[in-house]
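**Q** sequence first, then the predicted structure:
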Amino acid sequence: SQTIHQWPATLVQPVGSPLSLECTVEGTSNPNLYWYRQAAGRGLQLLFYSVGIGQISSEVPQNLSASRPQDRQFILSSKKLLLSDSGFYLCAWTGRGDTQYFGPGTRLTVL
Amino acid sequence: AQSVTQLDSQVPVFEEAPVELRCNYSSSVSVYLFWYVQYPNQGLQLLLKYLSGSTLVKGINGFEAEFNKSQTSFHLRKPSVHISDTAEYFCAVCRDTGRRALTFGSGTRLQVQP
């Protein structure tokens, strides 16, 4: 069966520091991968999606970036965090089907 | 582009009472519809989905939803809720072709009281 992992689970970072969040999927190949952000009291916003290695599409302009160095690995990064980057970051994947499956999420607090 | 509206940000209900969480969507193309549940500090779990066919879909934990194309709605219902149903519920849509990225509503907090 397929599983999706995210780490770290929780992160507290100062403003201006770099960021790297990792997402990996097991039990499938060539998945579509997605990064979403959930700000406090709000719904989920799509940040990036990827249909293959090195293929990244950005949905919103921001100081975040994404990379897909391997088929089942998706990384969210920032060179300098802002207060507004705080939130709950969720990774998701789809295979050939139509349903997105979500990871456990990373809670990021920028101070 | 698609959009999703969940009119109720919070729904308090007593245990064993019925509940309906409302969801309306807007799209110029055919879409798939989903309901997800999120427990505190956890990821999203799929409750149910509508792709095609019967407009009444049944999901996990006793939930069901009805797709109404004319009213562009996909309301979630449960005939008798439990304390354990307390969570955030998200309605979402995606195009039935292409990259299948989800557009979410703002969520409805279901608070089941004893």
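**A** Nice, I can see it.
**Q** tell me how far residue A:63 lies from chain B.
**A** Counting by CB to the nearest CB, to the nearest Å, the gap from residue A:63 to chain B is 21 Å. (Glycine included, C-beta is placed from N, CA and C.)
**Q** now residue A:39
**A** Taken as CB to the nearest CB, the span from residue A:39 to chain B is 11 Å.
**Q** need the contact list for that residue.
**A** Contact analysis of residue A:39 by CB atoms under 8 Å, 6 or more residues apart in numbering or on different chains lists A:45, A:86-88.
**Q** again, 6 Å this time
**A** residue A:87 (CB atoms under 6 Å, 6 or more residues apart in numbering or on different chains).
**Q** ok, now residue A:19?
**A** Taking CB under 6 Å, 6+ apart, we find residue A:19 in contact with A:77-78, A:81.
**Q** state the pLDDT value of the spatially closest residue to it that is not a sequence neighbour.
**A** In this structure, residue A:19 finds its nearest non-sequential neighbour in residue A:78, 4.0 Å apart by CB to CB, 6 or more residues apart in numbering or on different chains. On pLDDT, residue A:78 comes in at 96.
**Q** quick one on the thing from earlier: narrow the contacts of residue A:19 to those that are buried.
**A** Buried by 16 or more other CB atoms under 10 Å in any protein chain shown: A:78, A:81, out of the contacts of residue A:19.
**Q** dump the contacts of residue A:19 into a markdown table; add distance to residue B:53 and secondary structure as well.
**A** Below are those laid out as a markdown table (distance: CB to CB, whole Å; DSSP: H, G, I helix; E, B strand; the rest coil):
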| residue | distance to residue B:53 | secondary structure |
| --- | --- | --- |
| A:77 | 42 | strand |
| A:78 | 43 | strand |
| A:81 | 46 | coil |
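**Q** confidence score at residue 61?
**A** Since no chain was named, I'll use chain A. Looking at residue A:61, its pLDDT stands at 68.
**Q** my question was about chain B, not that one.
**A** Per-residue pLDDT puts residue B:61 at 92.
**Q** and it, that's in a strand?
**A** No. Using DSSP: H, G, I helix; E, B strand; the rest coil, the assignment for residue B:61 is helix, not a strand.
**Q** distance check, it against residue A:92.
**A** From residue B:61 across to residue A:92, the span is 20 Å (CB to CB, to the nearest Å).
**Q** enumerate every residue touching residue A:74.
**A** Taking CB under 6 Å, 6+ apart as the test, what residue A:74 contacts is A:23, A:33, A:68.
**Q** can you rerun that using 10 Å?
**A** The contact partners of residue A:74, by CB atoms under 10 Å, 6 or more residues apart in numbering or on different chains, come to A:4, A:6, A:21-25, A:31, A:33-35, A:48-50, A:56, A:66-68, A:91-93, A:103.
**Q** what's the helix or strand for it?
**A** If you go by DSSP states H and E, residue A:74 is part of strand A:73-78.
**Q** which parts of chain A sit against chain B?
**A** A:4, A:6, A:9-10, A:32, A:34, A:36, A:38, A:41-46, A:48-51, A:57, A:59, A:88, A:90-92, A:94, A:97-107 (CB under 10 Å from any CB of the partner chain).
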